[in-house]
Structure formats: C-alpha cells, structure tokens
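Enquirer: I need the structure of the sequence given here:
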Amino acid sequence: MELIDILDENKNITGEIKTKDEVHSRGLWHQTVHVWFINSNNEILLQRRSKMKKAYPGMWDISVAGHISIGEDSLRAIFREVKEEIGVDLEESSLKFIGTIKREKVLNNNTYFDNEFNDIYLVKRDLEINKLNLQEEEVAEIQWVKISEFKKWVEEKKLDLVPHEKECELLFRFI
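Expert: You can find the predicted model right below:
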C-alpha cells in the first residue's frame with residue numbers, strides 16, 4: 001500500500017498522509033515525477049501502460065512516471081520508479097530538471113481524480129529495450145519513437161497516447 005504526502009493547491013505539504021487510492025478517489029493534491037528518456041538517435045522512449053492501470057490503461061505514456069511516496073523527494077522517487085518500472089539505475093548527474101506542471105484531470109466517469117504536481121526530468125541515454133526489466137503491473141511494453149513522429153502523435157492527439165499537452169510543450173522546448 002503506497003502512502004503519499006498530501007499537498008495544498010500551492011504545492012505545500014499539509015501534514016496529511018493518504019493511500020494512493022484515497023488520493024485519487026477524493027481528488028487530493030499530490031506530487032509525481034515524470035522522466036523522459038531520449039537517445040542519441042533522436043528517439044524518445046515511450047511505455048505502454050499496463051491494462052491493469054486505473055488511469056489510461058493500455059495507452060502510450062511517459063518513459064517512466066510515478067508518485068512521490070511519503071518522506072521522499074523527487075530524486076529519490078525517480079531512482080525508485082526508474083528501477084522498479086524498467087530496471088535501470090540512474091545517476092543524479094544524468095537528470096535534467098525541466099519544470100513542474102500543475103495538472104487537474106477527472107477520469108473514469110468522475111470516479112478518478114488526478115490533481116497533481118508533475119516534476120519533469122529529461123535523461124539522455126541509450127538503452128537497449130530488449131535488455132530492460134519491465135514491471136508488468138505497470139508497463140506492458142516500451143518502444144523508441146522518433147521525436148518527429150512523437151510530435152505528430154501529440155499534435156494529432158493520437159487516441160492511444162496519454163494527453164500531456166502542457167508537459168509536451170515544455171519537453172519540446174528542451175529537446
């Protein structure tokens with residue numbers, strides 16, 4: 001059971017701690033990390049979310065993303081999530097912070113509320129996807145996609161791509 005620090009609308013820790021399920025059923029503000037991997041071939045690593053996920057099941061998404069658990073900061077959460085989801089160890093020096101997005105989404109017929117602050121990072125690294133260890137509860141598959149193709153997906157609002165319009169605008173300014 002993952003426990004999460006609750007934030008207010010200005011990203012201040014309130015002192016409340018709730019489960020991830022409670023955070024999303026009540027629409028409580030919380031913090032996540034998003035890590036985008038880019039390789040030397042001008043490709044971006046995308047993951048297809050597991051069909052078991054409550055939000056956006058089976059859709060293409062950020063390379064690695066996850067909630068910041070109680071007592072963690074963004075960096076500790078990144079190291080944990082990247083290791084859990086794709087089996088890669090990162091060094092702090094490989095991370096480039098590109099910004100924070102405040103995001104409010106209501107999903108699943110008004111039963112899932114995603115009120116979060118997304119700390120967004122970029123990693124330039126060549127990874128052999130056939131050697132990665134995917135966490136099957138989270139990640140169904142991964143693929144490298146040309147950045148130019150990914151930009152088209154975002155512009156066209158590809159139906160099986162998780163919508164991160166503001167985040168992608170920010171990302172495209174850095175790559």
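Enquirer: what about the helices in this structure?
Expert: Secondary structure of the chain (DSSP state H): helices located at 20-26, 74-86, 147-156, 165-174.
Enquirer: Which residues are in contact with W153?
Expert: W60, V145, L161 (CB atoms under 8 Å, 6 or more residues apart in numbering). (C-beta placed from N, C-alpha, C; glycine too.)
Enquirer: Could you dump those residues into a markdown table with neighbour count, distance to L95 and pLDDT added?
Expert: As requested, the contacts of W153 are exported to a markdown table (neighbours: other CB atoms under 10 Å; distance: CB to CB, whole Å; pLDDT from 0 to 100):
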| residue | neighbour count | distance to L95 | pLDDT |
| --- | --- | --- | --- |
| W60 | 20 | 22 | 98 |
| V145 | 15 | 21 | 98 |
| L161 | 17 | 24 | 97 |
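Enquirer: Beta-bridge partners for the residue nearest the centre of the chain, please?
Expert: Residue closest to the average C-alpha location in the chain (CA atoms, centre = their mean): A65, at 2.5 Å. Beta-bridge partners recorded for A65 (DSSP bridges): H34.
Enquirer: which residues does K124 bridge with?
Expert: Assigned bridge partners for K124, using DSSP bridges, are I38.
Enquirer: my guess is it meets S94, correct?
Expert: Yes: contact criterion CB atoms under 8 Å: K124 and S94 qualify, at 7.5 Å.
Enquirer: From E149, how far off is the closest residue to K105 other than its chain neighbours?
Expert: Leaving aside its chain neighbours, K105 sits nearest to D114 (4.2 Å; criterion: CB to CB, 6 or more residues apart in numbering). D114 is 26 Å from E149, where distance means CB to CB, to the nearest Å.
Enquirer: Give me the more crowded residue out of those two.
Expert: A count of neighbours by other CB atoms under 10 Å puts D114 above the other of D114 and E149, at 19 against 10.
Enquirer: surely that one meets R26?
Expert: No: assessed by CB under 8 Å, D114 is found out of contact with R26, at 11.7 Å.
Enquirer: so how many other residues sit close to the residue lying closest to K151 once chain neighbours are set aside?
Expert: Of all residues not flanking K151 in the chain, F172 sits nearest, at 6.6 Å (CB to CB, 6+ apart). Applying other CB under 10 Å, we find 12 residues neighbouring F172.
Enquirer: Alright, that wraps it up for me.
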